[in-house]
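Enquirer: Have a look at this prediction, sequence included:
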Amino acid sequence: MNSAIPVITIDGPSASGKGTVAQLVATELGFHYLDSGALYRIVALATQQQNIAWSNAQAIAECSKSLAITFINDQVFLNNKEVTSDIRTEAMGKGASQVAVHEPLRKVLIEIQHAFCKAPGLVADGRDMGTVIFPDAPLKVFLTASTEVRATRRYQQLINKKQAANYDGILQDLLERDARDQNRASAPLIMANDAVLLETDNLTISQAVNYVLDKYQRFI
Ligand code: DC
């Protein structure tokens, strides 16, 4: 990895809006974008297709080594098949959180994530971007929102996509995912010591984006 290439990491819990903010920041700066959660979602989908249990750490890691994962603009491909919307379901979010607890899988995915670090720069979003994958990033943001606001945002997203949505179920799933992502032994969701906290309950998307861009301007 080339440490001269600037990296902005945006970590935070599920449905915090970090993906939207990270993508917009990347577009604004002309940087590459890494949606690391998509990698775990792809592994959840691929293992499900191969009848591998999400608790089977070794089989999941082996399976992930043979996957051809490609990102082309906003589209995601698994073994040359487009899976962009297949990996975005609540079921795959849950599955991703379950496969992500396994250290052997996390090791396999390190190299793939480092390969995104290319000139002129990278915005990387996930859970461990600032703590584990890009610990030397000059700007680390921990983007969060209250559980209720995150559940409302997720509910609204599903309604907008004309999918079935149940607020209480979404809230319960978020709490479970938070607990699993925060309490796992390997690369838990935690704010890096040198990260800035961005609490977005009362911010619009563009305010959050401008906050990150403003912080970044101070580094260059
Ligand atoms: O950001 P997301 O909702 O697409 O992530 C799905 C799951 O993947 C999340 O609940 C935990 C896991 N994940 C992870 O462990 N590490 C990352 N860097 C990104 C996601």
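Expert: Noted; the coordinates are in hand.

Enquirer: after the longest helix anywhere in the chain, next one along is what?
Expert: When the chain is parsed with DSSP state H, its longest helix is helix 167-183. As assigned by DSSP states H and E, the chain's next helix or strand after helix 167-183 is strand 196-199.

Enquirer: What residues sit buried inside the helix or strand that comes right after that following strand?
Expert: Tracing the chain C-terminally past strand 196-199 and defining elements by DSSP H and E, one meets helix 205-217 next. Residues of helix 205-217 classed as buried by neighbour count (16 or more other Cβ atoms under 10 Å): 208, 209, 211, 212, 215, 216. C-beta: built from backbone N, CA, C; applies to glycine.

Enquirer: show me the contacts for the closest residue to the fourth one other than its chain neighbours.
Expert: Okay, so that is residue 212. Beyond its immediate neighbours in the sequence, the residue positioned closest to residue 212 (Cβ to Cβ, 6 or more residues apart in numbering) is residue 25, lying 5.0 Å away. Residues counted as contacts of residue 25 (Cβ atoms under 8 Å, 6 or more residues apart in numbering) are 8, 10, 31, 123, 209, 212, 213, 216.

Enquirer: got those as a markdown table, with pLDDT columns?
Expert: A markdown table is the format used below for the contacts of residue 25 (pLDDT from 0 to 100):
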| residue | pLDDT |
| --- | --- |
| 8 | 98 |
| 10 | 98 |
| 31 | 98 |
| 123 | 98 |
| 209 | 98 |
| 212 | 98 |
| 213 | 98 |
| 216 | 96 |
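
Enquirer: Now flag whichever of the buried residues of helix 205-217 is closest to residue 63.
Expert: Using Cβ to Cβ, the shortest approach to residue 63 within the buried residues of helix 205-217 belongs to residue 212, at 34.9 Å.

Enquirer: I figured that closest one hits residue 8, correct?
Expert: Yes - under the contact definition of Cβ atoms under 8 Å, residue 212 touches residue 8, with a separation of 6.8 Å.

Enquirer: Next, show the common contact partners of the two.
Expert: Contact criterion Cβ under 8 Å, 6+ apart; residues bridging residue 212 and residue 8 by contacting each: 25, 139, 141.

Enquirer: so what's the second one bridging to?
Expert: I take that to be residue 139. Residues found in beta-bridge contact with residue 139 (criterion: DSSP bridges) are residue 8.

Enquirer: Phi and psi next, for residue 148.
Expert: For residue 148, the backbone dihedrals (degrees, to the nearest 10) come out as phi -70, psi -40.
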